[in-house]
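**Q** below is the sequence, then the predicted model.
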Amino acid sequence: MGISSFFKSILEGGKVDISRRYEFLREATSGTMSDFFMARDRETDQIVGLKILDKKKHDQLEMRFRGLDKPAEGEIAISFDHPRIVTTHGYGQTSKGEQFIVMEFLEGPGLNSLIIGRSEMLNGNRLALMRHAAESLLVVHEAGYIHRDICPRNYVCSKDASSLKLIDFGLSVPALPQFMQPGIRTGTPNYMAPEVVRRKSTDHRLDIFSFGASMYEMFAFELPWQRGSGDGLAAMSHGQSTPPSLTKYYPKVHPAIDQVIAKCLIPEPENRLQSMKEVLSTIAPLKHEDAE
């Protein structure tokens with residue numbers, strides 16, 4: 001987008017009149033804590049994704065980290081420059097006091113939509129998508145952050161489903177002791193690691209568990225456990241029994257993929273795969289997602 005009055009207003013601590021700066025083309029999605037729009041930047045004529053956070057819900061979340069000097073979502077998002085992570089152009093505050101983030105507009109479907117629709121577009125693309133998802137999460141971890149909301153909804157695929165990008169750093173925190181204390185129970189329940197649900201200390205390995213659950217669902221079109229209503233109660237069962245092998249739902253899956261996903265889903269963080277490097281090193285030699 002280049003340096004503009006938009007960035008200048010942010011750098012100077014000013015507020016942006018969103019309705020004057022952007023033409024809202026359509027509301028793309030509404031999340032639990034924000035609204036997301038496809039918009040045209042009137043100054044640059046660029047089509048962008050515009051995320052506007054619900055002020056009340058955002059303030060409630062930030063209260064959990066009061067006094068901890070937590071970076072804003074936009075500050076975290078804009079720090080990444082990687083082909084597997086959505087590009088963030090800028091962030092700031094609206095004239096109404098809402099936090100907002102401007103990013104590239106991704107045209108393709110969410111991975112969750114492809115899973116829900118049992119899309120044939122995933123056929124032959126799952127291994128590539130798994131690699132891309134792992135690469136994006138490795139970048140986040142190596143930058144010193146925990147994403148805390150890894151799930152298919154937060155991966156947006158290309159139109160042909162051959163690649164994807166990680167989005168949404170609304171729940172992300174620095175991987176520092178003060179942000180990993182027991183009691184910070186945030187995330188998407190159906191993909192939540194046992195240590196989060198049970199209010200234990202956490203670290204980056206909670207993302208590895210959620211990654212495993214997401215990839216399991218991408219192959220199987222089923223979760224490794226019974227799907228919950230979204231209130232978090234069903235997540236209490238995660239890790240209480242061994243998930244069925246992926247071969248139950250996807251018989252031709254490559255054994256290495258089945259094994260690495262199973263290791264991501266180990267309930268005890270110390271016995272789980274310890275880094276996304278381990279995931280990538282395991283699947284790097286594979287040529288195809290199916291056993292051949």
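**A** Ah, there it is.
**Q** may I have the secondary structure class of the closest residue to Ser245 other than its chain neighbours?
**A** The shortest distance from Ser245 to any non-neighbouring residue, by Cβ to Cβ, 6 or more residues apart in numbering, is to Asp258 (6.1 Å). For glycine as for every other residue, the C-beta is placed from the backbone atoms N, C-alpha and C. Secondary structure, DSSP: H, G, I helix; E, B strand; the rest coil: Asp258 is helix.
**Q** equivalent analysis for Gln178, please.
**A** The three-state assignment at Gln178 reads helix, by three-state DSSP.
**Q** please state the backbone phi and psi of Gly49?
**A** Torsion angles at Gly49 (phi, psi; degrees, to the nearest 10) stand at phi -100, psi 130.
**Q** burial check on it, number of neighbours?
**A** Other residues within reach of Gly49, judged by other Cβ atoms under 10 Å, total 22.
**Q** repeat for the one 4 residues further on
**A** Residues lying near Leu53 (other Cβ under 10 Å) number 24.
**Q** and the gap between the closest residue to Asp290 other than its chain neighbours and Asn123?
**A** By the measure of Cβ to Cβ, 6+ apart, the closest residue to Asp290 outside its immediate chain neighbours is Lys252, 4.3 Å from it. As judged by Cβ to Cβ, to the nearest Å, Lys252 and Asn123 stand 11 Å apart.
**Q** ok, Ile208 next?
**A** Relative to Asn123, Ile208 is positioned 26 Å away (Cβ to Cβ).
**Q** neighbour count for the two, which is higher?
**A** Ile208 (26 against 10).
**Q** contacts only, for the more buried one.
**A** Leu137, Cys264, Arg272, Leu273, Gln274, Ser275, Met276, Val279 (Cβ atoms under 8 Å, 6 or more residues apart in numbering).
**Q** one more time with 7 Å, if that's ok
**A** Contact criterion Cβ atoms under 7 Å, 6 or more residues apart in numbering gives Cys264, Arg272, Leu273, Met276 as the residues in contact with Ile208.
**Q** my guess is it is in a helix, correct?
**A** Yes. Residue assignment for Ile208, taken from three-state DSSP, places it within a helix.
**Q** can you give me phi and psi for the nearest residue to it once chain neighbours are set aside?
**A** For Ile208, ignoring the flanking residues on the chain, the nearest one in space by Cβ to Cβ, 6+ apart is Cys264 at 5.2 Å. Dihedral angles phi and psi of Cys264 (degrees, to the nearest 10) take the values phi -70, psi -30.
**Q** which ones are touching Gln181?
**A** Contacts here follow Cβ under 7 Å, 6+ apart; on that basis Gln181 touches Ser201.
**Q** that one belongs to a helix?
**A** No. Secondary structure of Gln181 (three-state DSSP): coil, not part of a helix.
**Q** give me phi/psi at it?
**A** Gln181 adopts backbone torsions of phi -70, psi 160, taken as degrees, to the nearest 10.
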